[in-house]
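Novice: give me a model of this one.
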Amino acid sequence: MNFFKPKFWDKTEFSLFSLLLYPITLMIKLFTLLKTFLTKKNQCSIPVICVGNIYLGGTGKTPLSIEIYSILKDLNMNPAFIRKKYLSFQDEVELQKQTGPVYQNKKRIEAIKEAIQNNINIAILDDGFQDFSINKNLSVVCFNENQWIGNGLTIPSGPLREDLSSLKRANLVFINGKKNTDIESKIYNKNKEIKIYYTKYKPTNINEFKNKNILAFAGIGNPINFFDILKKNNINIIEEKKFPDHYNYSDKELEDLLNRAKEKNCILLTTEKDYFRIDKKYKKNINFLKIKVEIENKDSFVEDIKKII
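Specialist: Sure, this is the predicted structure:
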């Protein structure tokens with residue numbers, strides 16, 4: 001998905017672009033509605049935890065799914081990550097493979113079947129909230145407090161894959177950021193039974209970059225969130241470079257970044273997901289920030305998981 005997110009997606013004021021695109025938005029919404037009713041649903045023989053979103057990109061699904069994997073291992077389960085196979089999302093796959101097994105297929109249900117054959121006893125569906133072919137035992141929807149739901153419209157008029165009313169299908173919401181009662185009230189307005197948890201990113205190697213000049217770059221859903229983490233930890237950012245989500249860096253672009261860093265007397269710093277997309281011949285001169293997701297009221301979340309296993 002090598003495109004920059006349109007700026008009007010995250011603006012709450014009226015946008016002519018959103019209005020012009022709205023007929024296409026209505027067609028997509030109709031298609032989604034039909035898919036909801038016409039898709040045959042499959043009940044799996046193992047529990048399925050779905051970690052999804054309705055805001056397109058940058059909500060923290062993958063880091064949360066990795067934390068859930070760790071929780072399940074502590075509960076003596078044998079989990080695996082289940083993904084729909086996309087060539088462009090292999091950075092996330094490589095990140096998860098560092099933690100545990102990943103099963104991919106064009107049809108997620110087939111990936112689950114393969115996992116079961118290999119003695120996996122619980123599936124973590126990374127993405128898939130919009131996959132109506134699989135019954136989920138626990139559906140988690142992720143948001144980032146900074147972007148929330150943008151302008152509140154579905155694609156292409158806005159950044160949403162579905163309306164906020166889709167939270168009626170969810171059990172839990174995870175918000176990466178500070179407590180926000182306004183967001184909470186809008187969520188509860190759609191689903192009074194839903195539980196809300198908050199997460200924050202904890203950089204685990206941040207001290208390596210203290211008192212150094214940094215040229216920070218990122219090709220993720222919301223690069224500004226990466227830059228904000230660095231700023232909150234008092235990292236001296238000399239320059240920021242943004243690239244589209246899941247961006248495949250060319251040799252020329254990486255050489256330009258290295259030359260720019262040398263000119264500015266900086267070191268290059270990016271995200272772990274970006275690092276997996278960088279050609280190995282450049283990796284020794286590029287650093288990445290390691291992050292871990294911390295869940296507030298984690299014990300309560302663990303109890304939610306125990307109910308389905």
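Novice: all helices of the chain, in order?
Specialist: Applying DSSP state H to the chain gives helices spanning 16-38, 61-74, 90-97, 108-117, 181-190, 223-232, 251-263, 272-276, 280-283, 298-306.
Novice: got these as CSV, with distance to residue 82, mean pLDDT and mean neighbour count columns?
Specialist: Where you see a C-beta, it was placed from the backbone N, CA and C, and this is true even at glycine. Putting those into CSV (distance: least, C-beta to C-beta, whole Å; pLDDT from 0 to 100; neighbours: other C-beta atoms under 10 Å) gives the following:
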stretch, distance to residue 82, mean pLDDT, mean neighbour count
helix 16-38, 20, 93, 12
helix 61-74, 10, 97, 20
helix 90-97, 10, 90, 18
helix 108-117, 5, 98, 18
helix 181-190, 26, 98, 13
helix 223-232, 25, 96, 18
helix 251-263, 32, 97, 14
helix 272-276, 19, 95, 20
helix 280-283, 28, 96, 11
helix 298-306, 16, 98, 13
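Novice: nearest to residue 211, of those?
Specialist: Among these, the nearest to residue 211 by C-beta to C-beta is helix 223-232 (13.3 Å).
Novice: about what we covered before: right, and the helices of the chain - which one's nearest residue 175?
Specialist: It is, among the helices of the chain and with distance given as C-beta to C-beta, helix 181-190, at 6.6 Å.
Novice: now the nearest residue to residue 248 once chain neighbours are set aside: how far from residue 258?
Specialist: In space, and not counting its chain neighbours, residue 248 is closest to residue 277: 5.9 Å by C-beta to C-beta, 6 or more residues apart in numbering. Distance from residue 277 to residue 258, counting by C-beta to C-beta, to the nearest Å: 16 Å.
Novice: need the contact list for the residue nearest to residue 291 when sequence neighbours are not counted.
Specialist: Nearest non-adjacent residue to residue 291, counting by C-beta to C-beta, 6+ apart: residue 201, 4.6 Å away. Contact partners of residue 201, counting by C-beta atoms under 8 Å, 6 or more residues apart in numbering, are 60, 63, 176, 229, 291, 292, 293, 294.
Novice: the closest residue to residue 236 other than its chain neighbours and residue 264: what is the separation?
Specialist: Closest residue in space to residue 236, ignoring its immediate chain neighbours: residue 213 at 5.7 Å, by C-beta to C-beta, 6+ apart. Using C-beta to C-beta, we find residue 213 at a distance of 7 Å from residue 264.
Novice: find residues that contact each of these two.
Specialist: Counting by C-beta under 8 Å, 6+ apart, the residues touching both residue 213 and residue 264 are residue 238.
Novice: report back the residue of this protein that's furthest from centre.
Specialist: residue 263 (33.7 Å; C-alpha atoms, centre = their mean).
Novice: next up, the contacts around the residue lying closest to residue 94 once chain neighbours are set aside.
Specialist: What sits nearest to residue 94 in space, not counting adjacent residues and going by C-beta to C-beta, 6+ apart, is residue 276, at 4.4 Å. Shown in contact with residue 276 (C-beta under 8 Å, 6+ apart): 90, 91, 94, 95.
Novice: cool, and residue 27?
Specialist: With C-beta under 8 Å, 6+ apart as the criterion, no residue contacts residue 27.
Novice: any idea how far residue 156 is from it?
Specialist: For residue 27 relative to residue 156 (C-beta to C-beta), the value is 10 Å.
Novice: and the strand ranked longest in the chain with helix 181-190, angle?
Specialist: The longest strand of the chain (DSSP state E) is strand 195-203. Using axes from the mean of the first three to the mean of the last three C-alpha atoms, to 10 degrees, the direction of strand 195-203 lies 140 degrees away from that of helix 181-190.
Novice: name every strand pairing with strand 195-203 and say which way it goes.
Specialist: strand 172-176 (parallel), strand 291-295 (antiparallel) (DSSP bridges).
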